[in-house]
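# Quick one, what's the 3D model for this:
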Amino acid sequence: MQEVLKHKMSQMKLYGMQRAYQTLTETGQHHALTNEEAISLLIQSEWEEREGRKVDRYLKNARFRYQASIEELDFSSSRSLDKTLIMRLAEGSFIKRKEDVLLTGPTGVGKSFLASALGHQACHNGYRVIYFNTQRLFARLKMSKGDGSYFKEIARIEKQDVLILDDFGLAPLDNHQRDALMEIIEDRHGRKSTIISSQLPVSSWYEIIGESTIADAILDRLVHKAHRIELQGGSMRKQHTKTELS
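Modelled structure (predicted):
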């Protein structure tokens, strides 16, 4: 009977329940449990299994630049990184309120890592996240216009609970990039959250975007209600390199 039950669980893809049942029967622990306790344990095991698979799927689909976690962040005073704010963001409060996060600071200071860490935590909290290098996203969208998949790409981005645009502002936007950014931000404003990292201060984004009317519209939607974090300190990459060589 036990083998029949395990086979049926496998056929129904109840893998978490199957493993828990096998453990209970092999160790004899099921004898010490009431029917209600045994059912509760089996259901809990299946729920945890499915949640784990969902998180793995979200992490894979996000395509993060770094395998980063909140626990790895450096909160030393020289970086001006508010730990209380970061931990609050990690809980997902900004995603629930459909707010944005703007990360700025010099090259190598850890903006991309922080963005990836917040994204990883969002996946673990059950949110769908997608990461893009901004220039590569614009190139991808330009190509998609050629093969007719542009609106499909835009729709896919719109569905994500969190969009991460990394390395924004490395070059001024052309007309196509500006229109694409406007469409993305307009679709997400007040509906989903966006994390943007940039070497440039937010005050310089107006010139990078260009076309004053569109720049005003984009920045009005981004800056309003956004959490702005300006990282400081020396290059984290240089510090890691010195550590590896020493």
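
# So what touches stretch 52-68?
Outside stretch 52-68, the residues within contact range by Cβ atoms under 8 Å, 6 or more residues apart in numbering are 112-114, 116-117, 119-120, 123-124, 126-131, 133, 164, 166. Using the backbone N, CA and C atoms, a C-beta is placed for each residue, glycine as well.

# Next step: these restricted to strands.
When DSSP state E defines the strands, the subset of these inside them is 129, 130, 131, 133, 164, 166.

# which of those residues tops the neighbour count?
Counting neighbours by other Cβ atoms under 10 Å, residue 164 comes out on top of the ones in strands among the contacts of stretch 52-68 with 28 neighbours.

# if I look at that residue, how far off is residue 200?
Note on residue 164: its distance to residue 200, by Cβ to Cβ, to the nearest Å, is 17 Å.

# tell me which residues in the host helix or strand of residue 219 are buried?
In this structure, residue 219 is located in helix 212-223 according to DSSP states H and E. By 16 or more other Cβ atoms under 10 Å, the buried positions in helix 212-223 come out as 214, 215, 217, 218, 219, 221, 222.

# got it, and stretch 125-138?
Across stretch 125-138, burial judged by 16+ other Cβ under 10 Å covers 125, 127, 128, 129, 130, 131, 132, 133, 134, 135, 137, 138.

# likewise stretch 180-198?
180-185, 188-189, 192-198.

# List the contacts of residue 41.
20, 24, 33.

# Now the two most distant members of the buried residues of stretch 180-198.
Distance extremes for the buried residues of stretch 180-198: the farthest pair is 183 and 197 at 20.5 Å, using Cβ to Cβ.

# Neighbours of residue 50, how many?
Neighbours around residue 50, by other Cβ under 10 Å: 14.

# what's the answer for residue 174, then?
Residue 174: 12 surrounding residues under other Cβ under 10 Å.

# any idea how far it lies from residue 19?
Counting by Cβ to Cβ, the gap from residue 174 to residue 19 is 54 Å.

# now the helices: where do they sit in the protein?
Remark: helices assigned in the chain by DSSP state H are 2-11, 15-27, 35-62, 83-90, 93-96, 111-124, 134-147, 150-159, 175-188, 205-209, 212-223, 236-245.

# Just the buried positions in the third one, please.
Read that as helix 35-62. Going by neighbour count (16+ other Cβ under 10 Å), the buried part of helix 35-62 is 38, 41, 42, 45, 46, 49, 58, 59, 62.

# What of the first one?
Neighbour counts using 16+ other Cβ under 10 Å place 6, 9 of helix 2-11 among the buried residues.

# Show me what it is packed up against.
helix 15-27 (3 or more Cβ pairs under 8 Å, 6 or more residues apart in numbering; DSSP states H and E).

# could I get the helix it packs on in CSV with only the CA atoms?
Extracted in CSV, the C-alpha atoms of helix 15-27 (Å, rounded to 0.1, in the frame of the first residue of the first chain):
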residue,chain,number,x,y,z
TYR,A,15,7.0,15.4,-4.9
GLY,A,16,7.2,17.2,-1.6
MET,A,17,4.5,15.2,-0.1
GLN,A,18,6.0,12.0,-1.6
ARG,A,19,9.4,12.7,0.1
ALA,A,20,7.8,13.5,3.4
TYR,A,21,5.7,10.4,3.3
GLN,A,22,8.7,8.2,2.5
THR,A,23,10.6,9.7,5.4
LEU,A,24,7.8,9.2,7.8
THR,A,25,7.3,5.5,6.8
GLU,A,26,11.0,4.7,6.7
THR,A,27,11.7,6.2,10.1
